[in-house]
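# Fold the following.
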Amino acid sequence: MRSPDKNREASMATPTQDSAPPTPRILIADDNAQNVELLEAYLAASDWDVRTAADGEETLKQVRDWQPDVILLDIMMPKISGFEVCKRLRADPKTRDIAVLMITGLDQPSDIDKAVDAGTEDFMTKPINKADLLRRVRAMLKARENKPELDRALAYINAVEKGGP
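Presented below is the predicted three-dimensional model:
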C-alpha cells in the first residue's frame, strides 16, 4: 500500500480527465470605455476570464496581481503608453512571456515598427474585426500552452549540441 504522500505525488504527476486546464486570462487595457465594451463583447462567447485596465499604470498593476495570459493593449493611454507598458513587461523575467496584442488607431508603418521594437507579438489597427481578433487571441493562447514543451525541446537540443543528453 502506498503512503498518502506517494498517492498525492502520483496524482499530481498524472492529471486525470476530471482536471481541467486553467481558464485563460485576458486583460483588456484601453482608456476608451466604448473600445473596452466592444472588446469585452467580442470575447464574451469564449470561455475566458476577462479583466480590464484603463491606463498604463493600472495595466502593470493588473499584470502583477493577476498574471494574464494575453493582453489586448491600446497604445495611446494615459500615464504610461502601451509602448512603454510592453517594454516594461519584456524587461521583467516574471512578465516577459505574457502575449501582447497591441490594438490601436495608429496605422503608420513606423507605429508598427515601434510596437515590434517594444516587444509585441502582434498588432491590430482599429476598427477591429471580431473573427480576426478571436483567431489571433486563440493562436496566442495555443502558443503559450505549447511554450513549456518547446522550452524542454530547446533545452534538450542545446544539451545534445554540448555533448550530453
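# which one is the most centrally placed residue in the chain nearest to, not counting chain neighbours?
For the chain, residue 70 is the residue whose C-alpha lies nearest the centre (C-alpha atoms, centre = their mean; 2.3 Å). Nearest non-adjacent residue to residue 70, counting by C-beta to C-beta, 6 or more residues apart in numbering: residue 99, 4.6 Å away. Every residue, glycine included, has its C-beta placed from N, CA and C.
# same thing with residue 87?
residue 118 (5.0 Å).
# can you map out the strands along this protein?
When assigned using DSSP state E, the strands of the chain occupy the ranges 25-29, 49-53, 70-74, 99-104, 122-125.
# Mean pLDDT added to those strands, as CSV?
CSV is the format used below for those (pLDDT from 0 to 100):
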stretch, mean pLDDT
strand 25-29, 97
strand 49-53, 97
strand 70-74, 97
strand 99-104, 94
strand 122-125, 92
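# right, and these - which one's nearest residue 86?
The stretch from these with the least distance to residue 86 (C-beta to C-beta) is strand 99-104; that distance is 5.4 Å.
# How far away from the center of its chain is that closest one?
Centroid separation for strand 99-104 versus its chain: 9 Å, with C-alpha atoms, centre = their mean, to the nearest Å.
# ok, now stretch 69-84?
How far stretch 69-84 lies from its chain's middle: 13 Å, per C-alpha atoms, centre = their mean.
# Buried residues of it, list them for me.
Across stretch 69-84, burial judged by 16 or more other C-beta atoms under 10 Å covers 69, 70, 71, 72, 73, 74, 75, 77, 80, 81, 82, 83.
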